[in-house]
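J.: give me coordinates for this.
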Amino acid sequence: MSAQPAKPILVFYHIPGDGDEAETPNAFPVLKPDGRVFLQDVRSKFPLPGSYHFRFKMRWGGEASQVAWMDVTNEASQVPLFDGKVVAKVTRVSWEASGSGRVPAQPGGANGHQGGAAAQVPKPPPDVLSFDDGPAMPAAGGYPAASSPQRAPRPNDDFDMLFS
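T.: The predicted structure is shown next:
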């Protein structure tokens, strides 16, 4: 008897942080002779550079409409299937490659050189939430000089104009 040929299994994924939508996923193949896909397979074949967290869609409960997203973190764990397919929601943790030994593809050809210039790494998106920015600190010497209290401005409410 001969060994089973490797069967390509498509892994469908979307990255909400990049503006991807679940209705139009991206896909990449994983070759597995037994059809069982593990997180290490998904991570090793994932086509984008960087470090990512993977959630996999699966049925939950007795009804067909009940679904859940399972966070899989153990590299040796088999990923769940949804309607016979691997469906992943992916979150970018870092633009830098993880310590998996996988080197991200370089632009400009097979040898990674682009006219002698160093390869450019994509710039991460800006932090739109700005949790790291604290409140503005007062000027040196403490708090601003005290001034006489001022009356709070009256709110400009169109409803109040009807009765004045």
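J.: in stretch 66-79, what counts as buried?
T.: By neighbour count on 16 or more other C-beta atoms under 10 Å, the buried set for stretch 66-79 is 69, 72, 79. All C-beta spots, glycine's among them, are computed from the backbone N, C-alpha and C.
J.: pull the residues that contact it.
T.: In this structure, residues lying in contact with stretch 66-79 by C-beta atoms under 8 Å, 6 or more residues apart in numbering are 36-40, 42-43, 53-60, 80, 82, 86, 88-89.
J.: mind checking which of the residues you listed land in strands?
T.: Cross-referencing the contacts of stretch 66-79 against strands under DSSP state E gives 53, 54, 55, 56, 57, 58, 59, 86, 88, 89.
J.: buried subset of those?
T.: 54, 55, 56, 57, 58, 86, 88, 89.
J.: what about the strands in the chain?
T.: 7-14, 26-32, 51-59, 67-71, 86-94.
J.: closest one to residue 20 among those strands?
T.: strand 7-14 (3.8 Å; C-beta to C-beta).
J.: that older thread, okay if I get the strands of the chain as CSV plus distance to residue 20 and mean pLDDT?
T.: As requested, the strands of the chain are exported to CSV (distance: least, C-beta to C-beta, whole Å; pLDDT from 0 to 100):
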stretch, distance to residue 20, mean pLDDT
strand 7-14, 4, 93
strand 26-32, 7, 94
strand 51-59, 13, 95
strand 67-71, 15, 94
strand 86-94, 9, 96
